[in-house]
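# Can you look at this prediction? I've put the sequence above it.
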Amino acid sequence: MRSIDFVVARNDLQHCKTIETAFPAADALPTDALLIKVDRFAFTANNITYALIGDQLKYWQLFPAADGFGIIPVWGFGDVIASRHPLVREGERLFGYFPMATHLVIEASDVSKRGLRDAAPHRQGVAPVYNAYARVGDEPAFAGRQGDQQALLRPLFMLSFLVDDYLAENDFFGARTIILSSASSKTAFGLAHLLHTKRDGVRVVGLTSPANAAFVCALGCYQDVVVYDDIETLDTASPSVFVDMAGNADLRARLHRHLGDRLKHSARIGMTHQDSESDAPDLPGAKPSWFFAPDRIRKRAREWGPGGIESRLGAAWQGFAPMLDHSLTIVEGHGPDAVQRVYLDTLRGRIPPNQGHMLAMTD
């Protein structure tokens, strides 16, 4: 049996293609294995970040490819079409981390009423969330438009939730102005919403391009919106925190030099700019540091106990999801050509901020 896979060159993300790979027939699956048909998956700028830091954070090892190529992980839905596990039946629907492909074989483990995980050896050594699959067949929140919103935004909103929690726990490092770059991005939108609705006394400033300024203003969760050319107009009297969603070293340097020692914390979250250079060693203000979500998840899992993260995230999502009906247009794409087109447009920054793409490798 064959799977159709979309692969990219790990050292040149512009180079991409579709290939066929073999996987076991249903009657030849190992014990406890599941054969899953990937139904549909979300693709956003966050997936470009997965590719850019795929070696450092082991994203490439999740779905291996040969000859210097890699398969970018995506969040989406799959249906079990063959099962060798006694507690998982054919026809079950799963939500989780999938390859950009038509099929996936996983080694089901830790099967419970709500989910399971892939215990394949090559998938270990990464954050547990990337190997977990939710059993969502009977969950209305994962069906239809709501399901697409979950795939597109819930994983990104998880990051927004964790950053908000991290900043609040540290009392915003003594600052009350929070500056977000790539303010039109879905992760920034989620974080701005949480800061705006949950954190009294915090002023949220969005940095964006002129083309996206109107969209960012319309979101209603930024007190100020500043285009990148006007960064030097930002108030230098107020202590600030910078949350960098884009990873543009030039932009980061300009902000550091403008705010100087009034910049109390500088967190790097995303990296959609491929041409970014390393930070200059003499940047004024707080030294830029990476925010690593899996570390935060492990910390809060210990402190909040079983289900603690999920219940708090779920409550926050319930407050955020209604905003998506008027701020997000879901665009579907089917087949390898559509997948390639959306991938390259996302890589080159051509996707409008109000769009979310749900894709399938099959026509």
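That came in fine, so what should we check first?
# Just say helix, strand or coil for the residue nearest to V111 when sequence neighbours are not counted.
The spatial neighbour of V111 that comes closest, neighbours along the chain excluded (C-beta to C-beta, 6 or more residues apart in numbering), is L87 at 4.6 Å. (Glycine included, C-beta is placed from N, CA and C.) What DSSP: H, G, I helix; E, B strand; the rest coil gives for L87 is coil.
# does L87 really touch K113, like I thought?
No - counting by C-beta atoms under 8 Å, L87 stays clear of K113, with 9.3 Å between them.
# Between the two, which has more neighbouring residues?
L87 (11 against 6; other C-beta atoms under 10 Å).
# Could you tell me the per-residue confidence at the more buried one?
If you check L87, the pLDDT there is 98.
# Next, it: phi, psi?
phi -100, psi 0 (degrees, to the nearest 10).
# Also A286?
phi -60, psi 140.
# Outline the domain layout of this structure.
Following the assignment in automatic domain parsing, the chain carries domains at 2-142+328-360, 157-295.
# Please tabulate those in a markdown table, including the columns distance to R302.
Formatted as a markdown table, those follow (distance: least, C-beta to C-beta, whole Å):
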| stretch | distance to R302 |
| --- | --- |
| domain 2-142+328-360 | 13 |
| domain 157-295 | 11 |
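# quick one: which of these is nearest L313?
Of all those, domain 157-295 sits nearest to L313, with 5.3 Å by C-beta to C-beta.
# what about that closest one, start to end distance?
End-to-end distance of domain 157-295 (C-alpha to C-alpha, to the nearest Å): 16 Å.
# and the top helix by length along the chain, which residues are buried?
Criterion DSSP state H: the longest helix present in the chain is helix 144-169. Buried positions in helix 144-169, judged by neighbour count with 16 or more other C-beta atoms under 10 Å: 147-167.
# now swap in stretch 221-240 and tell me
So, applying 16+ other C-beta under 10 Å, buried residues of stretch 221-240: 221-222, 225-228, 231, 234, 239-240.
# From the rest of the structure, what touches it?
173-180, 183, 189, 192-193, 195-197, 203-210, 213, 216-217, 251, 254-255, 258-260, 262-264 (C-beta atoms under 8 Å, 6 or more residues apart in numbering).
# ditto for stretch 114-129
Taking C-beta under 8 Å, 6+ apart as the rule, stretch 114-129 contacts 57-59, 61-62, 64, 88, 94, 106-110, 130-135, 293-294, 297.
# Report the separation between the two terminal residues of it.
Using C-alpha to C-alpha, first and last residues of stretch 114-129 are 14 Å apart.
# cool, stretch 119-128 as well?
Terminal residues of stretch 119-128 lie 10 Å apart, using C-alpha to C-alpha.
# Give me the buried positions along that stretch.
Judged by neighbour count using 16+ other C-beta under 10 Å, the buried positions of stretch 119-128 are 123, 126.
# From G174, how far out is Y133?
Distance of Y133 to G174, computed by C-beta to C-beta, to the nearest Å: 41 Å.
# Of these two, which one has the most company?
Y133 (25 against 10).
# Where does the more buried one sit, in terms of helix or strand?
strand 132-135 (DSSP states H and E).
# what's in contact with that strand?
92-97, 106, 113-118, 142.
# Go through those and name the one nearest Q340.
Nearest member of the contacts of strand 132-135 to Q340, counting by C-beta to C-beta, is Y97, at 20.7 Å.
# what bridges to the closest one?
Using DSSP bridges, the beta-bridge partners of Y97 come out as W75.
# Contacts only, for it.
62, 73-75, 130-133.
# Give me the distance between it and L156.
Remark: distance between Y97 and L156 (C-beta to C-beta) = 14 Å.
# Distance check, G319 against G190.
Applying C-beta to C-beta, the value for G319 to G190 is 11 Å.
# okay, the residue nearest to E20 when sequence neighbours are not counted: pLDDT?
Spatial nearest neighbour of E20, excluding adjacent residues (C-beta to C-beta, 6+ apart): R2 at 4.7 Å. R2 is assigned a pLDDT of 92 by the prediction.
# what's the distance between R2 and N170?
50 Å.
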